[in-house]
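Novice: show me how the following folds:
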Amino acid sequence: MREWREVTLGDVVELKRGYDLPSSARRDGPVPIVSSSGRSGFHSAAKVKGPGVVTGRYGTLGAVYFIEEDFWPLNTALYVRDFKGNEPKFVAALLESLELGGSETAAAVPGVNRNHLHLLPVRLPDSETQVSIARFSARSMT
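Specialist: Alright, predicted model coming up:
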């Protein structure tokens, strides 16, 4: 096992804002719709291939969701667009450990800025250690 490297979150993943999907445009189907507060329904089409990691952007902050299957991340959430070669379940555990709810700004509706999150300092282990950590820490959204 090698030493953990000091990097920024943006070196580990690329976060992206979710997509709008008004209730009137939703079509019943098997694809989970994931918001800042977790699964909020189902739709007929996916926007993102699984596995995926989603966290709140506005509203509910700090919760992290790991999704095995293809999904639709709503615009109240941030999802990992690029894992940059890192283990997805480890990334979910890493984001949980950052307690992102504490990064909110003073506003009527709490929110986080993905550009600010990308600058957060984190420690990153080698891939073998990431896989070991992922086995014990990340829970799939059910």
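
Novice: list the contacts of the residue nearest the centre of the chain.
Specialist: Centroid-nearest residue in the chain: V54, 2.6 Å away (criterion: CA atoms, centre = their mean). Shown in contact with V54 (CB atoms under 8 Å, 6 or more residues apart in numbering): G18, V34, V64, Y65, I67, F71, P73, A77, L78, Y79, V80. Quick note: C-beta positions are derived from backbone N, CA and C, even for glycine.

Novice: same thing but at 7 Å, please
Specialist: V34, Y65, I67, P73, A77, Y79 (CB atoms under 7 Å, 6 or more residues apart in numbering).

Novice: try E87
Specialist: E87 neighbours (CB under 7 Å, 6+ apart): S127, Q130, V131, A134.

Novice: JSON lines for those residues, including pLDDT?
Specialist: As requested, the contacts of E87 are exported to JSON lines (pLDDT from 0 to 100):
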{"residue": "S127", "pLDDT": "93"}
{"residue": "Q130", "pLDDT": "94"}
{"residue": "V131", "pLDDT": "92"}
{"residue": "A134", "pLDDT": "89"}
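
Novice: relative to S23, which of those residues is nearest.
Specialist: Using CB to CB, A134 comes nearest to S23 of the contacts of E87, at 34.7 Å.

Novice: ok, and the closest non-adjacent residue to that closest one?
Specialist: Ranked by CB to CB, 6 or more residues apart in numbering and with sequence neighbours excluded, the top spatial neighbour of A134 is K89, at 3.4 Å.

Novice: who's in contact with the strand or helix carrying that neighbour?
Specialist: In this assignment (DSSP states H and E), K89 forms part of helix 88-97. Contacts to helix 88-97, defined as CB under 7 Å, 6+ apart, come from residues 12-13, 51, 53, 55, 64, 66, 80, 83, 122, 130, 133-134, 137-138.

Novice: what do you get if the cut-off is 6 Å, keeping everything else the same?
Specialist: With contacts defined as CB atoms under 6 Å, 6 or more residues apart in numbering, helix 88-97 is touched by V13, P51, V53, T55, V64, F66, F83, Q130, I133, A134, S137, A138.
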